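Colleague: need a structure here:
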Amino acid sequence: MEFELEIKKGVIKSYQDFLFSDSLEEFEGKLVNHYYKQLKKSLVLDSSYLNWLLVGLRKIVPTQKSENQSNSLVSSYLNENNLDSFFQKEQFFKLIQFLSFLRTLGYSIQFLDNQAYCVIEFAVMDFINFTGSNARSTYQRTKALEFFASLQEIKPLIQKFSNNEFQRSVMFPYLKLKKQNRRWTIRMAVGEELYFYQYPFLFPNYFISYQNKYDLEIKLQLIESFSTVGLEKRFPVRNFLNQFSVPNKELKKIKKQLVDSFSTLKGSELIENEFSLNYKNGSSKKVEDLTSIMISKSESLSFWEKI
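Modeller: Numbers count the residues shown, from 1 in each chain. I've put the predicted structure just below:
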């Protein structure tokens, strides 16, 4: 088959060597990346009419730029969660940690009827180390074992009902704990849909662990604020800070941790450099660098995802 190829554009012409050398994957990758950059310049992505496009882009464009994606905290689109107690918040965060840890493990596939499960095996101490805790701590091991036992209480992943059939597929149908040479290992089955789910938001490893209960509160609220469809995110500063009945000295530390967390998001190129401080009277002020005093005076804080 004969064909004539004419490439006039300088940018495209620079890719022709990949085509002529039969490096089609690299050629396609270069073109897709170029198209994506031009698309961002041409479209106003921060529009409710293009939310469907943002959802699609997050599936194909890496949002983690500074670190290996396997060493990150994953999150999907989240609704407001009624997590009333610190224990509930810990359990929820530990679930996110575990879903992130799953991405680092190998697996084998087994079927139960038409439902596929990924069977994995790992040492409990490996998960504890992943979360930044002390794997030699008896307390941390006990907490981890209790968490794994609670996984089977999570609601079914898939539920189908018809006149002729009823099916429920749970996320973690099988769990076996075994102690070998003073080392706890776990063998478990995970729903294939969950194991291979393409999480749209990947946070740097700074978010995988937390130092204290205030750090946990900050990271959970940031994840919830970030995990919305639109590019503009809003952090409810006033409501968030008002929940803490602590001395001013302790409150200053919380504000400092919050500023540091935003700085980490900027450094990882997950958010734009600009923030909007929104005040109670309806006015707002754009800034590039946050301080504890700035956020103290604001009602809420707007920031923008970098995609």
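Colleague: how is this structure carved up into domains?
Modeller: The chain breaks down by automatic domain parsing into domains covering 96-195, 209-305.
Colleague: and these, which one's lowest on average pLDDT?
Modeller: Among the domains of the chain, domain 96-195 carries the lowest mean pLDDT, a mean of 85.
Colleague: gap between it and the chain center?
Modeller: Offset of domain 96-195 from its chain centre (CA atoms, centre = their mean, to the nearest Å): 19 Å.
Colleague: how long is that domain end to end?
Modeller: End-to-end distance for domain 96-195, by CA to CA, to the nearest Å: 13 Å.
Colleague: nearest residue to residue 78 other than its sequence neighbours?
Modeller: Excluding its sequence neighbours, the residue lying closest to residue 78 (CB to CB, 6 or more residues apart in numbering) is residue 227, at 4.3 Å. Heads up, the C-betas are built off the backbone N, CA and C, glycines and all.
Colleague: Let me see the contact set for the one you found.
Modeller: 75-78, 201 (CB atoms under 8 Å, 6 or more residues apart in numbering).
Colleague: next one: residue 206
Modeller: Counting by CB under 8 Å, 6+ apart, residue 206 makes contact with 261, 264, 268.
Colleague: Who are the packing partners of the helix or strand hosting residue 118?
Modeller: Assigned by DSSP states H and E, residue 118 belongs to strand 115-123. When contacts are defined as 3 or more CB pairs under 8 Å, 6 or more residues apart in numbering; DSSP states H and E, strand 115-123 sits against strand 108-112, strand 183-191, helix 192-195.
Colleague: Report the angle between it and strand 183-191.
Modeller: 160 degrees (axes from the mean of the first three to the mean of the last three CA atoms, to 10 degrees).
Colleague: in strand 115-123, what counts as buried?
Modeller: Applying a neighbour-count criterion of 16 or more other CB atoms under 10 Å, one finds 115-118, 120, 122 buried in strand 115-123.
Colleague: Contacts for that strand next, please.
Modeller: Residues from elsewhere that reach strand 115-123, judged by CB under 8 Å, 6+ apart: 102, 105-111, 158, 167, 169, 173-174, 183-192, 195-196.
Colleague: Nice, that's everything, thank you.
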